[in-house]
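Q: Next comes the sequence, and after it the predicted model I'd like to discuss.
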Amino acid sequence: MKKLPNDCSYSELWVSPENWKTTKSKSSLLKNWYIQCYFFDPTFKKKYPNGYPFRKKLNKFKTLEERKAAALFFLEEIPKLFEQKGYNPITKKFFYNIEENTNSDVGPGTLFIEALEFAKSKLVIEKTTASDLMFCLKFSLI
C-alpha cells in the first residue's frame with residue numbers, strides 16, 4: 001500500500017492478462033487488457049470499502065507490442081500521477097498540498113489564481129497597471 005496526501009493510498013498495480021509480458025499468441029489480443037489498482041480515500045470509505053478500482057484499458061492498442069508498451073508506460077506513469085501530481089481518481093481532482101507553499105513561494109500544488117496573485121505581489125509596476133491587473137484577477141474567479 002502506497003501512502004498519499006489526505007490519508008489516501010493505493011494498492012500495487014497489476015496488468016491483466018497475467019502473462020502479458022511473455023505472451024506471443026495473437027489470440028491474447030482477444031482478451032481484455034488493462035492495468036488496475038485500488039485507490040483508497042477515507043472520505044469515500046462507505047461508498048468504496050474495498051477501494052475504488054482504478055483501471056486503464058489497453059484494448060485500443062491493436063498489436064501485442066503496442067499493448068505491452070502501453071502496459072509498461074502506465075506501470076511507470078500511474079504512480080507518478082498519484083504520488084507526484086496528487087491525482088484522486090474518485091474526485092477526478094488533484095490534491096492541493098498546503099505544506100508545499102509554507103514559505104509563500106509558488107510550487108506545483110499552487111492553484112493558478114494564487115500563483116497569479118503571488119506574481120502580482122512581486123511585480124514592480126505602475127499603480128494603474130496594478131489596478132488593471134487586480135480587475136482581471138477579480139473577474140477571473142467568476
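A: Great, that's in hand.
Q: okay, Lys93: pLDDT?
A: On the pLDDT scale, Lys93 is placed at 86.
Q: Grab the most central residue of this protein for me.
A: Centroid-nearest residue in the chain: Tyr87, 3.0 Å away (criterion: C-alpha atoms, centre = their mean).
Q: Please name the residues that touch it.
A: Shown in contact with Tyr87 (C-beta atoms under 8 Å, 6 or more residues apart in numbering): 81, 93-95. Heads up, the C-betas are built off the backbone N, CA and C, glycines and all.
Q: please redo it, this time with the cut-off set to 7 Å
A: 81, 94 (C-beta atoms under 7 Å, 6 or more residues apart in numbering).
Q: in the sheet, who's paired with it?
A: Phe94 (DSSP bridges).
Q: If you count neighbours, what's buried in the helix ranked longest in the chain?
A: Once the chain is assigned using DSSP state H, the helix that runs over the most residues is helix 64-83. Across helix 64-83, burial judged by 16 or more other C-beta atoms under 10 Å covers 64, 67-68, 70-71, 74, 78, 82.
Q: Format these as a markdown table; extra columns: distance to Met1 and pLDDT.
A: A markdown table is the format used below for the buried residues of helix 64-83 (distance: C-beta to C-beta, whole Å; pLDDT from 0 to 100):
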| residue | distance to Met1 | pLDDT |
| --- | --- | --- |
| Leu64 | 31 | 93 |
| Arg67 | 27 | 93 |
| Lys68 | 27 | 93 |
| Ala70 | 25 | 93 |
| Ala71 | 22 | 94 |
| Phe74 | 19 | 93 |
| Ile78 | 15 | 93 |
| Phe82 | 12 | 90 |
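Q: and which of the residues you listed is nearest Lys3?
A: Phe82 (10.2 Å; C-beta to C-beta).
Q: Pretty sure the closest one sits against Leu4.
A: Yes. Shown here, Phe82 and Leu4 form a contact pair, counting by C-beta atoms under 7 Å, at 5.9 Å.
Q: Find residues that contact each of those two.
A: Tyr10.
Q: Please parse this structure into its domains.
A: Using automatic domain parsing, the domains assigned to the chain come out as 2-94, 100-140.
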